[in-house]
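Asks: Any chance you could fold what I've pasted below:
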Amino acid sequence: MKYFKKLVGEKVYLSPRNMEDIELYVQWLNDFHTTDYIGRSHQTISIEEEREYLENPMKDEISFAIVDLTKDLLIGTLSLCHINYIKRTATLGIFIGNPEYRSKGYGTEAIKLLLEYAFHYLNLNNIKLDVLEINQRAISCYKKCGFKEYGRRRKCNFINGKYYDTIEMGILAEEFEGDYIKNKNI
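Replies: A predicted model of the protein is given here:
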């Protein structure tokens, strides 16, 4: 089996990332349709760099593959990074690499699965993220998940000849509502 159903929802499940998907991740991370909206178009990612990332994960990061539940098809990636278990904080990162799955609720469900896991299993209290002001699809998704804007860094992203703001959003454990993980035991 290529993927493992760590966190199962209605449409997707989250699985640990694996080496077999390196080429697909590299393809997505070098595609302007993906990277322009996550502010990474200035980077060129090689197979060697992605392999290094997967083989040597950061100690303060948990990464998942987002997999279509009915097709066992990889559609994106999701992570908590900069996890601080003393302060009980983390930063969320996500992208849906497969364009056929964008704007259809897959990312929203994946985030809700991860938030439930973060708040109810990892005992985190505060999760933040940064999003480009031009990524209205993502902003709408984050609001559906309960994130609130708390700050803005003005004109700090240079993409395709223009400057864009970064919007800072966050959610607290007390603000999170829902029961999304379908495979939990208790």
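
Asks: what pLDDT does the residue lying farthest from the centre of the chain get?
Replies: Ranked by distance from the centre of the chain (Cα atoms, centre = their mean), the top residue is residue 161, with 26.2 Å. You'll see residue 161 listed with a pLDDT of 94.

Asks: now residue 1
Replies: pLDDT, read off for residue 1, is 58.

Asks: please begin residue numbering at 18 from this point
Replies: In the new count, where the first residue is 18, that last one comes out as residue 18.

Asks: residues of stretch 54-71 that come out buried?
Replies: 54, 55, 56, 57, 58, 62, 67, 70 (16 or more other Cβ atoms under 10 Å). Every C-beta, even on glycine, is put in place using the N, C-alpha and C of the backbone.

Asks: which one of those residues sits closest to residue 36?
Replies: residue 67 (9.4 Å; Cβ to Cβ).

Asks: Please settle this for me: is that closest one part of a helix?
Replies: Yes. Counting by DSSP: H, G, I helix; E, B strand; the rest coil, residue 67 is found in a helix.

Asks: Could you report the distance from it to residue 111?
Replies: 17 Å (Cβ to Cβ, to the nearest Å).

Asks: quick one, phi psi at the residue nearest to residue 136 when sequence neighbours are not counted?
Replies: Closest residue to residue 136 apart from its sequence neighbours, by Cβ to Cβ, 6 or more residues apart in numbering: residue 190 at 4.3 Å. Per-residue torsions, residue 190: phi -60, psi -40 (degrees, to the nearest 10).

Asks: Surely residue 190 is in contact with residue 138?
Replies: No. Residue 190 is not in contact with residue 138 according to Cβ atoms under 8 Å; the separation is 11.5 Å.
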